[in-house]
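Student: Dropping the sequence and predicted coords here.
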Amino acid sequence: MDDRWYADGLRFECKRCGDCCRGEPGFVWVGFDEAKKIAQWKGMSFSDFERAFLRRVGRRMSLIEKENGDCVFWSAGIGCSIYSIRPTQCRSFPFWPGNLESLQTWQREAGRCRGINSGRLYTADEIADIEGE
């Protein structure tokens, strides 16, 4: 028997509204291979991409943010300019451990994200796979 509170699954459909990409400072962790892929997609050398779009945090890399806290790749009217190759952290939203702690944390996040509780039903096993990426 599955004892996860979301054993029957959860609904989510990205509305590409950018609510999860804007306004709050933080980190969008990017692995080396992900960063190389984005740099290639943008037609840049890795070193140029790193100087323009990444910051080092210890041994890790994070995308930089605009002054207002928005992701550097978010633009009003366009949305995420790297959506098709966005980092794993972005792809796995909202199935992050903190959001899956309880129904209350899920519903709190639903208040900030219009795609939560709508769209496709993800099974608990699919969510576990996404969460583990």
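Tutor: Done, it's in.
Student: The residue nearest the centre of the chain is in what secondary structure piece?
Tutor: In the chain, the centroid-proximal residue (Cα atoms, centre = their mean) is residue 90; its distance is 1.7 Å. Per DSSP states H and E, residue 90 falls inside helix 88-91.
Student: which residue ranges form the helices in the protein?
Tutor: Under the criterion DSSP state H, helices of the chain are mapped to 32-41, 46-53, 88-91, 103-110, 124-131.
Student: Keeping just the C-alphas, turn stretch 83-101 into PDB.
Tutor: Presented in PDB, the C-alpha positions along stretch 83-101 are these (Å, rounded to 0.1, in the frame of the first residue of the first chain):
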ATOM      1  CA  TYR A  83      11.800  26.700 -22.000                       C
ATOM      2  CA  SER A  84      12.600  23.700 -24.300                       C
ATOM      3  CA  ILE A  85      16.000  23.200 -22.700                       C
ATOM      4  CA  ARG A  86      15.400  24.600 -19.200                       C
ATOM      5  CA  PRO A  87      17.400  23.100 -16.300                       C
ATOM      6  CA  THR A  88      16.200  20.000 -14.400                       C
ATOM      7  CA  GLN A  89      15.300  22.200 -11.400                       C
ATOM      8  CA  CYS A  90      12.800  24.100 -13.600                       C
ATOM      9  CA  ARG A  91      11.500  20.900 -15.300                       C
ATOM     10  CA  SER A  92      10.800  19.200 -12.000                       C
ATOM     11  CA  PHE A  93       8.700  22.000 -10.600                       C
ATOM     12  CA  PRO A  94       6.300  21.800  -8.700                       C
ATOM     13  CA  PHE A  95       7.300  18.200  -7.700                       C
ATOM     14  CA  TRP A  96      10.000  19.400  -5.300                       C
ATOM     15  CA  PRO A  97      10.400  17.800  -1.900                       C
ATOM     16  CA  GLY A  98       9.300  20.900   0.000                       C
ATOM     17  CA  ASN A  99       6.100  21.100  -2.000                       C
ATOM     18  CA  LEU A 100       5.400  17.400  -1.500                       C
ATOM     19  CA  GLU A 101       5.800  17.400   2.300                       C
END
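Student: I'm done for today, thanks for sticking with me.
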